[in-house]
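Asker: after the sequence you'll find the predicted model.
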Amino acid sequence: DTAVSQTPKYLVTQMGNDKSIKCEQNLGHDTMYWYKQDSKKFLKIMFSYNNKELIINETVPNRFSPKSPDKAHLNLHINSLELGDSAVYFCASSQDPPFQETQYFGPGTRLLVL
Amino acid sequence: AQSVSQHNHHVILSEAASLELGCNYSYGGTVNLFWYVQYPGQHLQLLLKYFSGDPLVKGIKGFEAEFIKSKFSFNLRKPSVQWSDTAEYFCAVKNSGTYKYIFGTGTRLKVLA
C-alpha cells in the first residue's frame, strides 16, 4: 500500500497556465506538508497543514494556494505558472508532536514549465 | 534563524571505503534530528532519527549517526559503503514539539564499483 501518493508524477505545461498537484496519505497522520526541491536538490518547505488548518506558510508567492479538503489530502494549486516554478514538488505527512514524528514523503511531482 | 549545514556537497568513494557526512545545525533548544536518503529518481526515505537517549543512533542499511550536542552536530557514518549507496543524503532538524523541519542542502554521494 502506498503511504503517501501524489498525482501527477510528471507535469509539463506552458507559462501562464494554472495547474494542480494532488496528495493523499493513508497513514492516519494529522499533518501534511508541501516541499519544493529545486534543480540543485535544495529542499524547502512551502506549506504545512494540521487537521485541515494552515500552520506553516513560508515565503511563497500567492500564486501557490494549498487546499486541504480533509486531513488525508493536501492539494497544491499553482496559478500563472512561471519558468522558475520548474522543480520537483514533494508532499509529506507526519504525526503530531510530541510523538516521535517522522515525515513520510510522496514520490514527487516533476513540474516543467516551458 | 534555525539552519542546517552540510559541508560536503559532493563525495566520491570507492566501494568498501568508510563514509562520514557532516551535519551541523544552529539552534540552542531541544531538537529532533534526521537523516534522509534520496536514491536516483526516488523520493526521500528515512535512514535514521534521533529524539532522545543514546546519542549514537543506528539506522537502516548499516548507517549510524552520532549526536554531539556540544558541537551541534549529527554526522552520518557507514564503515563500508556499497555501490547501491549512491544517492543524495539530507540532514534535517526540527524543534522538538513543532512542525517545521529544516533540511540541509544535501550531499551527493557517488560510490564507484
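Answerer: That came in fine, so what should we check first? Residues are numbered from 1 along each chain as shown, chains lettered A, B, ... in the order given.
Asker: where do the strands sit along the chain?
Answerer: Picked chain A for this. For chain A, the strands defined by DSSP state E occupy A:4-7, A:10-13, A:19-25, A:31-37, A:43-50, A:53-57, A:64-70, A:73-78, A:87-94, A:104-105, A:109-113.
Asker: not quite, go with chain B.
Answerer: According to DSSP E, chain B carries its strands in the segments B:3-5, B:10-14, B:19-21, B:24-26, B:31-38, B:44-50, B:56-58, B:64-68, B:73-78, B:87-95, B:101-103, B:107-112.
Asker: thinking again about what came up before, mean pLDDT for the strands of chain A: which is lowest?
Answerer: Mean pLDDT is lowest for strand A:53-57 among those, at a mean of 85.
Asker: quick check: angle from it to strand A:43-50?
Answerer: Relative orientation of strand A:53-57 versus strand A:43-50 (axes from the mean of the first three to the mean of the last three Cα atoms, to 10 degrees): 160 degrees.
Asker: what comes into contact with strand A:53-57?
Answerer: Contacts to strand A:53-57, defined as Cβ atoms under 8 Å, 6 or more residues apart in numbering or on different chains, come from residues A:Thr31, A:Tyr33, A:Ile45, A:Phe47, A:Ser48, A:Tyr49, A:Pro66, A:Ser68, B:Tyr99, B:Lys100. The way it works is simple: take the backbone N, C-alpha and C, and place the C-beta from them, glycine included.
Asker: out of the strands of chain A, the one nearest B:Asn95 is which?
Answerer: If you check each of these against B:Asn95 by Cβ to Cβ, strand A:53-57 wins as the nearest, at 12.1 Å.
Asker: OK, contacts around the residue most central in space within chain B?
Answerer: Among the residues of chain B, the one closest to the centroid is B:Trp35, at 3.6 Å (Cα atoms, centre = their mean). The contact partners of B:Trp35, by Cβ under 8 Å, 6+ apart, come to B:23, B:46-49, B:59, B:63, B:65, B:74, B:76, B:89-92.
Asker: cool, thanks, talk later.
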